[in-house]
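Student: Based on what follows, work out the 3D shape:
(chains A and B)
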Amino acid sequence: MKVDNSLPLEYSTEENNLKILGFWIFIGAEIMLFATLFTAYFTLENRTGNGPTGAEIFEITPVLIETILLLTSSFTIGLGIHAMRLNKKKATMGFFIVTLLLGTAFLGVEIYEFTHYVHVGAGLQTSAFTAALLTTLGTHGLHVTLGLFWGLSILIQIKKRGLTPETANKSFIFSLYWHFLDIIWIFIFSFIYLKGMM
Amino acid sequence: MKELFPLKQVMGFAFSLVLTVVALMVYFTDMSYTMGMTVLLITAFVQAGLQVVVFMHAGETKDKASIYINIYYALIIALFTIFGTLLVLVWDM
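Tutor: Below you'll find the model as predicted:
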């Protein structure tokens, strides 16, 4: 395997480069997945039937907490990749741990939010609006949940094997995924919550 | 310690917080629907672009062109899906 030492570890082999490009193509597919969910939501957001409207059930405080948590975690994973490029294993792991903790906190607030919705009578089967809302939020939440387990296994690999071209490549790809989830959240925050409460 | 916090990324984070505060204005102030949507569209897309360029290092390698073509393609499909559906099903044009 040809290792190019002039590049950061995660790009150092041809295989690593192709894996990163491949993941960008996967992100392209994910953009389209979330586009269909947003399409369904925008089409159905006024079909509330006998159920509540968005303005009636959305609460600004938990939404704002979720936004800050995810935005900060996106920043810390970026710092983790920066530390990785400086070949600082401990700092990389530290930033990964902070990122995963912030992600867990985000998930905790989102679970609270979901129980709140069900509590005020906005379950998955209440109306077309609640179905589209909970499916969109739930798909994002599921991605975050998956990301937490993924990030944790990469963290264990870095601890065991150190920063190698393989673990660096995996970490970088994970950071792409995590930033992508933050981007999706920005759109949920803007066009589901803020638009709904405007 | 300082080298762990590169200025570019710290500024990127600060700017994304500012954009979030600007977006929040549509909730805390009394804005018309058109005005509010304009603000949200601008803040959301600027913030997404910021993530891609500053944090995701999209333009760093020889694959830069492929990555951007792929993202623009996905974005076009996404916008066509959303606005095409809205045109037919909601705005009734």
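Student: Sketch out the helices for chain B, chain order is fine.
Tutor: B:7-28, B:33-50, B:64-85 (DSSP state H).
Student: Does chain A have contacts with the last one?
Tutor: Okay, so that is helix B:64-85. Yes: Helix B:64-85 is in contact with chain A by CB under 8 Å from any CB of the partner chain, via B:66-67, B:70-71, B:73-75, B:77-79, B:81-82, B:85. From N, CA and C alone the C-beta is placed, and that goes for glycine too.
Student: Can you tell me which of those has the most neighbours?
Tutor: Among the residues of helix B:64-85 next to chain A, B:Ile67 has the most neighbours (other CB atoms under 10 Å in any protein chain shown), with 23 neighbours.
Student: mind checking pLDDT for it?
Tutor: The model reports B:Ile67 with a pLDDT of 91.
Student: Next: A:Lys2.
Tutor: According to the model, A:Lys2 scores 65 on pLDDT.
Student: Low-confidence bits of chain A, can you list those?
Tutor: For chain A, applying pLDDT under 70 flags the ranges A:1-3.
Student: Distance to A:Asp4 added to the helices of chain B, as JSON lines?
Tutor: As requested, those are exported to JSON lines (distance: least, CB to CB, whole Å):
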{"stretch": "helix B:7-28", "distance to A:Asp4": "24"}
{"stretch": "helix B:33-50", "distance to A:Asp4": "29"}
{"stretch": "helix B:64-85", "distance to A:Asp4": "17"}
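Student: Compare these and give me the one nearest A:Ala132.
Tutor: helix B:64-85 (12.2 Å; CB to CB).
Student: Can you list the neighbours in contact with that closest one?
Tutor: A:21, A:24-25, A:27-29, A:31-32, A:34-36, A:38-39, A:42-43, B:52, B:58-59 (CB atoms under 8 Å, 6 or more residues apart in numbering or on different chains).
Student: Okay, helices next: where are they in chain A?
Tutor: A:14-44, A:54-57, A:60-85, A:89-119, A:128-161, A:165-188, A:195-197.
Student: Dump these to TSV, plus distance to chain B and mean neighbour count.
Tutor: Listed next are those as TSV, based on distance: least, CB to the nearest CB, whole Å; neighbours: other CB atoms under 10 Å in any protein chain shown:
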stretch	distance to chain B	mean neighbour count
helix A:14-44	3	17
helix A:54-57	11	16
helix A:60-85	4	22
helix A:89-119	6	18
helix A:128-161	12	17
helix A:165-188	5	22
helix A:195-197	5	18
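Student: Including distance to B:Met25, could those helices go into JSON lines?
Tutor: Converted to JSON lines, the helices of chain A look like this (distance: least, CB to CB, whole Å):
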{"stretch": "helix A:14-44", "distance to B:Met25": "22"}
{"stretch": "helix A:54-57", "distance to B:Met25": "17"}
{"stretch": "helix A:60-85", "distance to B:Met25": "13"}
{"stretch": "helix A:89-119", "distance to B:Met25": "23"}
{"stretch": "helix A:128-161", "distance to B:Met25": "23"}
{"stretch": "helix A:165-188", "distance to B:Met25": "15"}
{"stretch": "helix A:195-197", "distance to B:Met25": "12"}
